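> build me a model from this:
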Amino acid sequence: MAEVSHSFELLLVKYLRERKPKKILEWGPGYSTQIMRKECPGAKIISFENKKEWYEIWASKFIKEKTHIDLRFKRGRSYYYPKLEERFDLIFIDGRYRVECLITAYHYLEKDRVVFLHDSRRHAYDRGVGIWEVKEKGDNTVVLVKPKVSKE
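Below is the predicted model of the structure:
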């Protein structure tokens, strides 16, 4: 990718190439979804959108491009707390209710895997970020991992 058009792009591409996730959960489809699909074409991607107009735009684009992205439209509490049986290798949060998504992501993340929070400089997200260990910071994106539990 020659030109960086989003602040998360370089960091996301780095982790996708290093870790090659097989299962990805995302809140807020968009450019990040396209990057994930390109870098990990065999990965299962589940993406949630809460605005009908954005859902329709991305659903149309994914169908036209013949992608196998599981795009789901959800509103309210079901948006940030979906009922899923599986765990994920990478979680990307760029949608609404980000603090709630960070809390939910804690339960859906495989051990030693990562969560990306876009627009991480917004102080409103600090309490959600606080439950995680910061692995790496980008320009406006933070990479998080589950904190190591002390045995004291």
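
> which residues of this protein score low on pLDDT?
The model of the chain has pLDDT under 70 over residues 1-5, 149-152.

> now do the strands in it.
For the chain, the strands defined by DSSP state E cover 23-27, 44-49, 70-73, 88-93, 109-118, 133-137, 141-145.

> let me have those in CSV, extended by mean neighbour count and distance to V99.
C-beta coordinates here come from the backbone N, C-alpha and C atoms, glycine included. Rendered in CSV, the data for the strands of the chain read as follows (neighbours: other CB atoms under 10 Å; distance: least, CB to CB, whole Å):
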stretch, mean neighbour count, distance to V99
strand 23-27, 24, 12
strand 44-49, 22, 15
strand 70-73, 16, 20
strand 88-93, 26, 10
strand 109-118, 19, 10
strand 133-137, 13, 16
strand 141-145, 22, 13
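
> any chance of CSV for those strands, columns distance to Y15?
Listed next are the strands of the chain as CSV, based on distance: least, CB to CB, whole Å:
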stretch, distance to Y15
strand 23-27, 11
strand 44-49, 14
strand 70-73, 21
strand 88-93, 7
strand 109-118, 6
strand 133-137, 9
strand 141-145, 7
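
> counting by contacts, list what the top helix by length along the chain packs against.
What stands out as the longest helix in the chain, according to DSSP state H, is helix 52-64. Secondary-structure packing of helix 52-64 (3 or more CB pairs under 8 Å, 6 or more residues apart in numbering; DSSP states H and E): strand 44-49, strand 70-73.
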